[in-house]
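1. need a structure here:
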Amino acid sequence: AALTVRFLTRRFIGEYGDMEFIYSHNLTVDGREILLHIWDVPNSQEQAEDGSSEEKRIQWADSFVLVYSICDRASFNILPLKIQFIKAAKEGQSQEKVPIVIVGNKRDLQHQRVVSSEEGRLLALSLDCGFYEVSAAE
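-> A predicted model of the protein is given here:
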C-alpha cells in the first residue's frame, strides 16, 4: 500500500491497515493518456482467502507488480508460487506472456535486509519477470 500511495501521490505514509483498495489514476506514457487501475491487496489478506478470490483478481488484471520486503524473507519466498499461479491462470487462456514485475521494497533499510538484491534478480530472471528494488520511504 505504501508503494502504491507513493506512486499515485508522491507522498509516503508508513502505516496501513490490511484493507484492499482499487485506485484509478491517469498517466501519460509516450505522449499517450492511459487510465490505470490498481487493485492493491495486502499479502496478509491474500493468505486468509480462498483461491477463487485470488483467481478473480488475476482475471481482472492485465499485468502484475508483486512487492516483497527486503526485510521479510517470507514475503519473498511466496513469490514463485504466486507467479506460477498467475501464469497458469493467465497464460493458460492465451499464448501471450503476462507482464509481471517483482519489486523489492524498503531499500532504505539496508541494515535490516535479509533478501539480497542478487536473490531478487535471480528469481525474476528464472521466472521471466522484470525486477526492481525501491524504497517507498525515499
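
2. could you check the distance from the spatially closest residue to residue 60 that is not a sequence neighbour over to residue 53?
-> Nearest-residue entry for residue 60: residue 39, 6.5 Å, with adjacent residues in sequence omitted and distances by Cβ to Cβ, 6 or more residues apart in numbering. Where you see a C-beta, it was placed from the backbone N, CA and C, and this is true even at glycine. Note on residue 39: its distance to residue 53, by Cβ to Cβ, to the nearest Å, is 11 Å.

3. Residue 105 is in contact with residue 3, correct?
-> Yes. Contact criterion Cβ atoms under 8 Å: residue 3 and residue 105 qualify, at 5.7 Å.

4. overlap in contacts of the two?
-> When Cβ atoms under 8 Å, 6 or more residues apart in numbering defines a contact, the residues bordering residue 3 and residue 105 alike are 67, 134, 136.

5. Poorly predicted segments of this structure, please.
-> Judged against pLDDT under 70, the low-scoring parts of the chain cover residues 1, 14-19, 43-52, 92-95.

6. longest single helix anywhere in it?
-> Longest helix in the chain, counting residues (DSSP state H): helix 79-91.

7. Buried ones in that one, by neighbour count?
-> 79, 82, 83, 86, 87, 89, 90 (16 or more other Cβ atoms under 10 Å).

8. Checking my notes, the residue nearest to residue 60 in a strand, right?
-> Yes. According to DSSP: H, G, I helix; E, B strand; the rest coil, the state of residue 39 is that of a strand.

9. In contact with the residue most central in space within the chain: list those residues for me.
-> Among the residues of the chain, the smallest C-alpha distance to the mean C-alpha position (Cα atoms, centre = their mean) belongs to residue 66, namely 2.1 Å. Applying Cβ under 8 Å, 6+ apart, one finds that residue 66 lies in contact with 79, 82, 83, 100, 101, 102, 103.

10. at 7 Å what do you get?
-> If a contact means Cβ atoms under 7 Å, 6 or more residues apart in numbering, then residue 66 has 79, 82, 83, 100, 102 as its contacts.

11. Equivalent analysis for residue 4, please.
-> For residue 4, the residues meeting the contact criterion (Cβ under 7 Å, 6+ apart) are 23, 38, 40.
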